[in-house]
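S.K.: Would you be able to build a 3D model of this:
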Amino acid sequence: MPARPLIFHPDPRLSRPAAPMALSPEAVRVLAQDVLDTLGAVGAMGLTAPHLGIPERIVMIRMQPDEPAAAYVDPVVVWASIERAAHPEGSVSMPGVIEPVERPARIRVRYRDLDGVEREEAAEGLRAACLQHEIDQLDGVFWTERLTRLRRERALKRFAKLKGQAGRQGT
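M.R.: Got it, this is the predicted structure:
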């Protein structure tokens, strides 16, 4: 399948919680493949259906280009450590802007796989940050909302400036 077009900040669809998956198993697989193809095309580690403007709760994660991707259907964090860690974060929906975001260092996620089997996974480090980032997106929480007000304002100004420069280069 070809990659689908992304939606970009401040598209209001990025702030809406995604609905629990109600698609047929075959439609879930097709959507997962579309998200995966788009993830590969944009070179991201994680991507959700809402990044494509589709309000469904599916996440695809591939931490390294040479490793298999993992699908998470209706994921939810069921446990988070008190210990916190900061990792650089950004979004394909806000390209060119990266800021450190502090989140729980370790988590446990409950989800369904593409066969509909309920699973749990423990994650730490960058994988934990990536999962939390993408689950936030499913909940309608854009990553910049995890920044302090001052850092969020700077990030938004930086993105506006980048968009303005891209618009001038395209004319």
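
S.K.: M21 looks like it's in a helix, true?
M.R.: No. Under DSSP: H, G, I helix; E, B strand; the rest coil, M21 sits outside any helix and is assigned coil.

S.K.: residues touching it, list them.
M.R.: 28, 56-58, 73-74, 112 (C-beta atoms under 8 Å, 6 or more residues apart in numbering). C-beta here means a position set from N, CA and C on the backbone, and glycine is covered the same way.

S.K.: switch the cut-off to 7 Å
M.R.: 28, 56-58, 73-74 (C-beta atoms under 7 Å, 6 or more residues apart in numbering).

S.K.: which of those lies closest to R119?
M.R.: The shortest approach to R119 among the contacts of M21 belongs to V73, at 9.7 Å (C-beta to C-beta).

S.K.: ok, that closest one - how many residues close by?
M.R.: 24 (other C-beta atoms under 10 Å).

S.K.: From the contact counts, what lies against the helix or strand encompassing it?
M.R.: Secondary structure assigned from DSSP states H and E places V73 in strand 70-80. Here strand 70-80 touches strand 58-61, strand 106-112, helix 125-138, going by 3 or more C-beta pairs under 7 Å, 6 or more residues apart in numbering; DSSP states H and E.

S.K.: The second one: partners in the sheet, and parallel or antiparallel?
M.R.: When pairing is defined by DSSP bridges, strand 106-112 lines up against strand 70-80 (antiparallel), strand 118-124 (antiparallel).

S.K.: hey, which helix is longest across the protein?
M.R.: The longest helix of the chain (DSSP state H) is helix 149-169.

S.K.: what's that helix packed up against?
M.R.: So helix 149-169, by 3+ C-beta pairs under 7 Å, 6+ apart, packs with strand 94-104.

S.K.: Quick one: list the elements packing against the strand it packs on.
M.R.: Packing partners of strand 94-104 (3+ C-beta pairs under 7 Å, 6+ apart): strand 84-91, helix 125-138, helix 149-169.

S.K.: Quick one: distance of the second one to the chain centre.
M.R.: If I follow you right, that is helix 125-138. From the chain centre to the centre of helix 125-138 is a distance of 7 Å (C-alpha atoms, centre = their mean, to the nearest Å).

S.K.: Next, the buried residues of it.
M.R.: 127-138 (16 or more other C-beta atoms under 10 Å).

S.K.: Tabulate those (JSON lines), appending distance to L150 and pLDDT.
M.R.: Formatted as JSON lines, the buried residues of helix 125-138 follow (distance: C-beta to C-beta, whole Å; pLDDT from 0 to 100):
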{"residue": "R127", "distance to L150": "29", "pLDDT": "97"}
{"residue": "A128", "distance to L150": "26", "pLDDT": "98"}
{"residue": "A129", "distance to L150": "21", "pLDDT": "98"}
{"residue": "C130", "distance to L150": "25", "pLDDT": "98"}
{"residue": "L131", "distance to L150": "27", "pLDDT": "98"}
{"residue": "Q132", "distance to L150": "22", "pLDDT": "98"}
{"residue": "H133", "distance to L150": "21", "pLDDT": "98"}
{"residue": "E134", "distance to L150": "25", "pLDDT": "98"}
{"residue": "I135", "distance to L150": "25", "pLDDT": "98"}
{"residue": "D136", "distance to L150": "20", "pLDDT": "98"}
{"residue": "Q137", "distance to L150": "23", "pLDDT": "98"}
{"residue": "L138", "distance to L150": "27", "pLDDT": "98"}
